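[1] A predicted structure for the sequence below; I have some questions about it.
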Amino acid sequence: MFGVRRVAAVGMVAGPLIFIALSMMSGDFWVYLSLSFLLAILFGTTTSSTVFGRLVAQRFERARGFALSLMACAPAVAAAIAVPILGHVIEGQGWRTAYVALAIVTVMTCTIALVLIPKRRPDYPHAPKVSGSALRDYPEIARTRTFWIMLGAMFLCNLTTVVFQTQLKLILEDRAIASTTATWMVSVYITGMLIGRFLCGLALDRFPAPIVSAICMVMPALGVFVLASGLTEQPLLMPAVAMIGVAIGAELDIGRYLVMRYFRVEVYSTVYSFLSAMIGVSGAIGSLLLSYTLGMTGGGYGLFLWVSGAALLAGAMLFLSLRRYPYANPAHL
C-alpha cells in the first residue's frame, strides 16, 4: 500500500531510537520487554525480506533466484561481522555503549540503504505502482488455489525447522552418535544451509520452480528417514544431515520465488507475509509435536522423525501440483 521506501524508512528511524532507549534502561523488566517488542515490530519487520524482497520481485527476472539468495545471506554476513565486534565492545565499554554503537551503525547503514532504493524509472514502465487495497487484494488472494497449495506446503515442510535448528545435536546423540562427532555434524548442517541457499537460487533461475521445490523437500525427507531408521554409520548420517541443512537453507528462497512467479508484484509482500507467518506457526506446532511424541515414546526422537519425514514428502507433492506461472515480469535483468 505504501511502497518499500516508506515502510523501510519507518524501521530505519525507529531502530536507532529504540537502541538508544535500550542503552538507557534502568533494569525494569517490563521496560525491556516493551522495547524489545517495539524493536521486533517497528524495526525487525519493516527491514525484513518481506519488504526488501519486493525490490527483487520488480527489478529482477532472469537472475531472480540468485538475487534472492544473496539477499537472504545478508543477515548472516552482518551477524558474523557484528557479533565479535559487539562482544569486544561489551567487554571493554559495557552493554550500554554497545547499544549506542548499534544505533550509530544502524543510522549509517540505513541511510545508505535508503539512498540505494531505486525510484520508479521512466525506462522501466512495467514497475508496479503503489496501489494496494486490502478490500480488493485479500479476497483475490484467498480465492487463488495456488495460495492455499503454497500455504499447505510451507506448513508441512517447516514442522522440523525449529527442532533441527535447536536440537539437532540432541537428535544425533539420541541416535547413539558421540558428542564430539555430533558437534562436527552440526557444522556440516550449517554449511549445507549456505550451500542450499545458493544452489536453490541458481536452480530456480534455470528450471521450473515446482520441480526444484519438490526436489529440495524430498532431499531432507530422505535425510530425516535415515536418522529415524536408527543407523549410526557416519558415511550415511553425514549426507543425511547435509541434505537436511540444504533444504532448510533453500526453503525461504523457494517461498519468495514462488510468490513472485504466481502472484502480481503489487501483492508480493502481502502474500509472502502469509507464508512467513505460516512458517512460524508450523515451527511452533512442530515443537509441540516433538514434546508430544517424546512423551509417548519415553524420550525417543524416532516417532517425531518418521512423522516429520512423511510431512516433508507430502509438502513436496503439494509443490508438484502447482500449475504453470501465471505472471512474468519483463526481462529486466
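    Right, received. Where do you want to start?
[2] Would you map out the domains in this protein?
    For the chain, the structural domains run 4-116, 134-320, going by automatic domain parsing.
[3] mean confidence score for stretch 278-295?
    Taken as a whole, stretch 278-295 carries a mean pLDDT of 88.
[4] actually stretch 306-321, not the one I wrote
    Stretch 306-321 comes out at a mean pLDDT of 90.
[5] In it, which residues are buried?
    Neighbour-count burial for stretch 306-321, counted by 16 or more other Cβ atoms under 10 Å, picks out 306-316, 318-320. Where C-beta positions appear, they are placed from N, C-alpha and C, glycine not excepted.
[6] Against which helices or strands is the strand or helix carrying W184 packed?
    For W184, the enclosing helix or strand under DSSP states H and E is helix 179-206. Counting by 3 or more Cβ pairs under 8 Å, 6 or more residues apart in numbering; DSSP states H and E, the packing neighbours recorded for helix 179-206 are helix 64-93, helix 161-174, helix 209-228, helix 234-262.
[7] And the contacts of the shortest one?
    This means helix 161-174. 179, 181-183, 185-186, 189, 227, 237, 241, 244, 248, 251, 279, 282-284, 286-287, 290, 300-301, 304-305, 308 (Cβ atoms under 8 Å, 6 or more residues apart in numbering).
[8] switch to 6 Å and redo it
    Residues outside helix 161-174 that contact it (Cβ atoms under 6 Å, 6 or more residues apart in numbering): A182, M185, V186, Y189, I248, G283, G286, S287, L290, Y301.
[9] Out of these, flag the one nearest to P118.
    Nearest to P118 among the contacts of helix 161-174 is I248, at 31.3 Å by Cβ to Cβ.
[10] where exactly do the helices run in the stretch 1-150 of the chain?
    Ranges of helices within the stretch 1-150 of the chain are 4-23, 29-38, 49-59, 64-93, 95-116, 134-142, 145-157, based on DSSP state H, counting those that start in this stretch.
[11] Turn those helices into a markdown table, including distance to R261.
    Formatted as a markdown table, the helices of the stretch 1-150 of the chain follow (distance: least, Cβ to Cβ, whole Å):
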| stretch | distance to R261 |
| --- | --- |
| helix 4-23 | 19 |
| helix 29-38 | 34 |
| helix 49-59 | 9 |
| helix 64-93 | 9 |
| helix 95-116 | 25 |
| helix 134-142 | 15 |
| helix 145-157 | 9 |
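[12] Check the gap between the residue lying closest to Y99 once chain neighbours are set aside and T270 for me.
    Among residues not flanking Y99 along the chain, S23 sits closest, at 3.6 Å (Cβ to Cβ, 6 or more residues apart in numbering). Note on S23: its distance to T270, by Cβ to Cβ, to the nearest Å, is 35 Å.
[13] Likewise for L322?
    Taking Cβ to Cβ as the measure, L322 and T270 are separated by 19 Å.
[14] list the buried ones in stretch 269-285?
    Counting neighbours by 16+ other Cβ under 10 Å, stretch 269-285 gives S269, T270, V271, Y272, F274, L275, S276, M278, I279, S282, G283 as buried.
[15] no wait, stretch 93-103
    A98, Y99, V100, A101, L102, A103.
[16] Please list all residues in contact with L275.
    Counted by Cβ under 6 Å, 6+ apart, L275 has contacts M154, G255.
[17] before we move on, which element is it in?
    Going by DSSP H and E, L275 is in helix 268-297.
[18] Centre of the chain to that helix, how far?
    Counting by Cα atoms, centre = their mean, to the nearest Å, helix 268-297 is centred 13 Å from the centre of its parent chain.
[19] Next secondary structure after it?
    helix 302-320.
[20] From the contact counts, what lies against that following helix?
    For helix 302-320, the elements it packs on are helix 145-157, helix 209-228, helix 268-297, judged by 3 or more Cβ pairs under 6 Å, 6 or more residues apart in numbering; DSSP states H and E.
[21] re the thing from before, save the helices of the stretch 1-150 of the chain as a markdown table, and put in distance to P208 and mean pLDDT too.
    Shown next, in a markdown table, are these (distance: least, Cβ to Cβ, whole Å; pLDDT from 0 to 100):
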| stretch | distance to P208 | mean pLDDT |
| --- | --- | --- |
| helix 4-23 | 28 | 90 |
| helix 29-38 | 41 | 90 |
| helix 49-59 | 18 | 77 |
| helix 64-93 | 12 | 78 |
| helix 95-116 | 32 | 90 |
| helix 134-142 | 23 | 77 |
| helix 145-157 | 14 | 89 |
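[22] For P210, which of these is the nearest?
    Nearest of those (Cβ to Cβ): helix 145-157, 9.6 Å.
[23] Residues in contact with that closest one: which ones?
    Contacts for helix 145-157 (Cβ under 6 Å, 6+ apart): 141, 217, 258, 262, 275, 278-279, 282, 311-312, 314-315, 318-319, 321-322.
[24] ditto for stretch 307-325
    149, 152-153, 156-157, 159-160, 210, 213-214, 217-218, 220-221, 224-225, 261.
[25] Take that stretch, keep the C-alpha atoms, and write them as PDB.
    Provided in PDB are the C-alpha atoms of stretch 307-325 (Å, rounded to 0.1, in the frame of the first residue of the first chain):
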ATOM      1  CA  VAL A 307       6.200 -38.100  11.100                       C
ATOM      2  CA  SER A 308       8.400 -35.200  10.000                       C
ATOM      3  CA  GLY A 309       9.700 -37.200   7.000                       C
ATOM      4  CA  ALA A 310       6.200 -38.000   5.900                       C
ATOM      5  CA  ALA A 311       5.200 -34.400   6.200                       C
ATOM      6  CA  LEU A 312       8.200 -33.300   4.000                       C
ATOM      7  CA  LEU A 313       7.200 -35.800   1.300                       C
ATOM      8  CA  ALA A 314       3.600 -34.600   1.400                       C
ATOM      9  CA  GLY A 315       4.800 -31.000   1.100                       C
ATOM     10  CA  ALA A 316       6.900 -31.900  -1.900                       C
ATOM     11  CA  MET A 317       3.900 -33.500  -3.600                       C
ATOM     12  CA  LEU A 318       1.900 -30.300  -3.000                       C
ATOM     13  CA  PHE A 319       4.600 -28.200  -4.700                       C
ATOM     14  CA  LEU A 320       4.400 -30.600  -7.700                       C
ATOM     15  CA  SER A 321       0.700 -29.800  -8.000                       C
ATOM     16  CA  LEU A 322       1.400 -26.100  -8.800                       C
ATOM     17  CA  ARG A 323       0.500 -25.100 -12.300                       C
ATOM     18  CA  ARG A 324       2.400 -23.000 -14.800                       C
ATOM     19  CA  TYR A 325       3.400 -19.500 -14.000                       C
END
